[in-house]
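Colleague: next comes the sequence, and after it the predicted model I'd like to discuss.
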Amino acid sequence: LRALPAKTLLEKAGDGLGPDKGTLAPIVDGTVLPMSPAEAFETGRVNRVSLMHGVDRDETQLPGANTPEDYERLVKEQYDTLAPEVFKRYPLKRFPEPAAFIAYRTIVADSNSVCPALLNDERLSRYIPVFGFQVDNSDAPPLFFLDSTKPNGSYHINEVPFLIFPRSDLSANQQTFGKQLVSQWTGFAKTGNPTVDGTPYWARFTRSHPAVMSLVPAGDSQLTEEISKQHHCGFWKKYAAFTR
């Protein structure tokens, strides 16, 4: 690999997304990174600081499924021998149209993002204060990388523009959402706790009370302990590679 031109490596690596391209991830080399992040989180080998940690409900940028045939092919490619169990838990008939697109989007988000985030909240909450969240803003203004003709749901990083790029063309509901996020994020930066004036009470995530703040527009955000059940995390925790 050292003998190859850097351009060749970059071209072959692509964006690191998809079942045929591997995954972008830290490399455990025994020196700079002596153990996997999963092991560090499990054993408490982390800086003892407060953590605010979460994902978007429909996290995914992988290629979508446009037909039932696409759905079946992509699930088999991505999950291999686990595919029959995945189909059992995510039957197409359970999803509204375009069912194939929404079902595959949901599977990838659950297995790759939402459930790993909850598992790491559980691991880390034994050692440090953890405040978990899930962004459930399915009406966020679309970003450039999305196909605006598709129901992208609460897509990857849809909360970031509210924190960085103030806009005046948002609906009243979205403006309230943006103000809430700015207050919570800056409040946490100041005090290590995201519960501040003008925002809902945000309890710590613990193993006995896995409270996650569901962030939605219009001032309707609220804590819930049902995220794991909604995303089949018991199943994914049992089988998926992210647990190691």
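Modeller: Everything's here; your move.
Colleague: G178 and V160 touch, don't they?
Modeller: No. Using C-beta atoms under 8 Å, G178 is not in contact with V160; the gap is 11.0 Å. For every residue, glycine as well, the C-beta is placed using N, CA and C.
Colleague: more neighbours: which of those two?
Modeller: More crowded of G178 and V160, by other C-beta atoms under 10 Å: G178, with 21 against 14.
Colleague: helix, strand, or coil at the more buried one?
Modeller: helix (DSSP: H, G, I helix; E, B strand; the rest coil).
Colleague: cool, and Y201?
Modeller: On the basis of three-state DSSP, Y201 is classed as coil.
Colleague: what's the neighbour count on the spatially closest residue to it that is not a sequence neighbour?
Modeller: Using C-beta to C-beta, 6 or more residues apart in numbering and skipping the chain neighbours, the partner closest in space to Y201 is T195 (5.4 Å). By other C-beta under 10 Å, 17 other residues sit near T195.
Colleague: right, and T195 touches A211 too?
Modeller: No. The criterion here is C-beta under 8 Å, and T195 misses it with A211 at 11.9 Å.
Colleague: could you point out which element follows the helix or strand of the chain with the lowest mean pLDDT?
Modeller: The helix or strand of the chain with the poorest confidence is helix 6-13; it has a mean of 80 (mean pLDDT, DSSP states H and E). Downstream of helix 6-13, the first helix or strand assigned by DSSP states H and E is helix 37-43.
Colleague: helices or strands next to that following helix in the packing?
Modeller: helix 115-124 (3 or more C-beta pairs under 8 Å, 6 or more residues apart in numbering; DSSP states H and E).
Colleague: for G54, which non-adjacent residue is closest in space?
Modeller: F133 (3.3 Å).
Colleague: adjacent strands (with direction) for the helix or strand harbouring the one you found?
Modeller: Using DSSP H and E, F133 sits in strand 130-135. Here strand 130-135 has these sheet partners by DSSP bridges: strand 51-56 (parallel), strand 212-215 (parallel).
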